[in-house]
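1. Based on what follows, work out the 3D shape:
(2 chains)
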Amino acid sequence: NAGVTQTPKFQVLKTGQSMTLQCAQDMNHEYMSWYRQDPGMGLRLIHYSVGAGITDQGEVPNGYNVSRSTTEDFPLRLLSAAPSQTSVYFCASRSQRTGSYQPQHFGDGTRLSIL
Amino acid sequence: KQEVTQIPAALSVPEGENLVLNCSFTDSAIYNLQWFRQDPGKGLTSLLLIQSSQREQTSGRLNASLDKSSGRSTLYIAASQPGDSATYLCAPTSRGSNYKLTFGKGTLLTVNP
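-> Numbers count the residues shown, from 1 in each chain, chains lettered A, B, ... in the order given. This is a model prediction of the structure:
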């Protein structure tokens, strides 16, 4: 059981370039989300999805796009990378099927540097 | 807006000590609170989940308590080991937020052999 898989693990971009951070989970979880983690800031929610075809903004959505065409995948797109987007990005998922709240499962992160 | 504070920011203890990590939050209208562990260069691992109706939750040497009315949670680690060295994060889930977590900045724990 792979859990939450993020690719790539590391990436260096130039300002203005675009790229997609991939996230896949094999647990059939409905809820998926993207966070960024910056020194001294804690984790902040970028976008989230409660199911295929449904996405919503989190705390810091500007500069990022998401889509959810399947239950398994939740890619995060940077359309025009900026140095302020240098960060560690985490994808997470959890089940919403049961009556009680279930813990979130996190991937190992993508370390992104924008030059 | 929910704000989460974790004290201390860093803690260094000798092996075998019992220790307490503190978490406070400003909005007491929460569904639950989670404690996570993060190892360097890794993602987050969920340690304990306390529902808003519970007072505490235990897993092995870990015990988490929740006082929702005062906006506080503590994580107690018994008989600490070097393998417990990591950053510990707390995150409440606020009501009306579509189950979004708000994270504290964490406590960096070092357990010395």
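
2. For the nearest residue in space to residue B:56 that is not next to it in sequence, give me the pLDDT.
-> Spatial nearest neighbour of residue B:56, excluding adjacent residues (CB to CB, 6 or more residues apart in numbering or on different chains): residue B:65 at 4.4 Å. (Glycine included, C-beta is placed from N, CA and C.) For residue B:65, the model assigns a pLDDT of 97.

3. on contacts alone, who are the packing partners of the host helix or strand of residue A:88?
-> Per DSSP states H and E, residue A:88 falls inside strand A:87-94. Packing partners of strand A:87-94 (3 or more CB pairs under 8 Å, 6 or more residues apart in numbering or on different chains; DSSP states H and E): strand A:4-7, strand A:19-25, strand A:31-38, strand A:105-106, strand A:110-114.

4. among these, which is nearest chain B?
-> Nearest to chain B, of all those, is strand A:105-106, at 3.8 Å by CB to the nearest CB.

5. ok so, going back, touching the strand holding residue A:88 from outside, list them.
-> If you take CB atoms under 8 Å, 6 or more residues apart in numbering or on different chains as the criterion, strand A:87-94 is touched by A:4, A:6, A:21, A:23, A:25, A:27, A:29, A:31-38, A:43, A:46, A:74, A:76, A:102-107, A:109-112, B:43-44.

6. in chain A, which residue is closest to the centre?
-> residue A:34 (2.8 Å; CA atoms, centre = their mean).

7. Let me know the angle separating the strand ranked longest in chain A from strand A:87-94.
-> Ranked by residue count under DSSP state E, the longest strand found in chain A is strand A:42-51. If you take axes from the mean of the first three to the mean of the last three CA atoms, to 10 degrees, strand A:42-51 sits at 40 degrees to strand A:87-94.

8. how about the residues of chain A near chain B?
-> A:4, A:31, A:33, A:35, A:40-45, A:48, A:50, A:56, A:58, A:90, A:92, A:96, A:100-101, A:103-109 (CB under 8 Å from any CB of the partner chain).

9. I would like a PyMOL command selecting only the buried ones among those residues, please.
-> Entered in PyMOL, the line below selects the buried ones among those, by 16 or more other CB atoms under 10 Å in any protein chain shown:
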select buried, chain A and resi 4+31+33+35+42+43+44+45+48+50+58+90+92+101+103+104+105+106+107+108+109
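
10. coming back round to it: the residue nearest to residue B:56 bridge partners, please.
-> residue B:56, residue B:74 (DSSP bridges).

11. ok, it - how many residues close by?
-> By the criterion of other CB atoms under 10 Å in any protein chain shown, residue B:65 has 18 neighbours.

12. contacting residues around it?
-> Residues near residue B:65 by CB under 8 Å, 6+ apart: B:50, B:55-56, B:73-74, B:76.

13. cool, and residue B:85?
-> Neighbouring residues of residue B:85 by CB under 8 Å, 6+ apart: B:109-111.

14. Got phi/psi on it?
-> Dihedral angles of residue B:85 (phi, psi; degrees, to the nearest 10) stand at phi -60, psi 120.

15. How much space separates residue A:25 from residue B:25?
-> Between residue A:25 and residue B:25 the distance is 28 Å, computed by CB to CB, to the nearest Å.

16. just residue B:46 next, same as before
-> Distance from residue B:46 to residue B:25, by CB to CB: 17 Å.

17. How about residue B:94?
-> Counting by CB to CB, the gap from residue B:94 to residue B:25 is 9 Å.

18. what do you get for residue B:87?
-> Residue B:87 is 18 Å from residue B:25, by CB to CB.

19. More neighbours: the two, which one.
-> residue B:25 (23 against 19).
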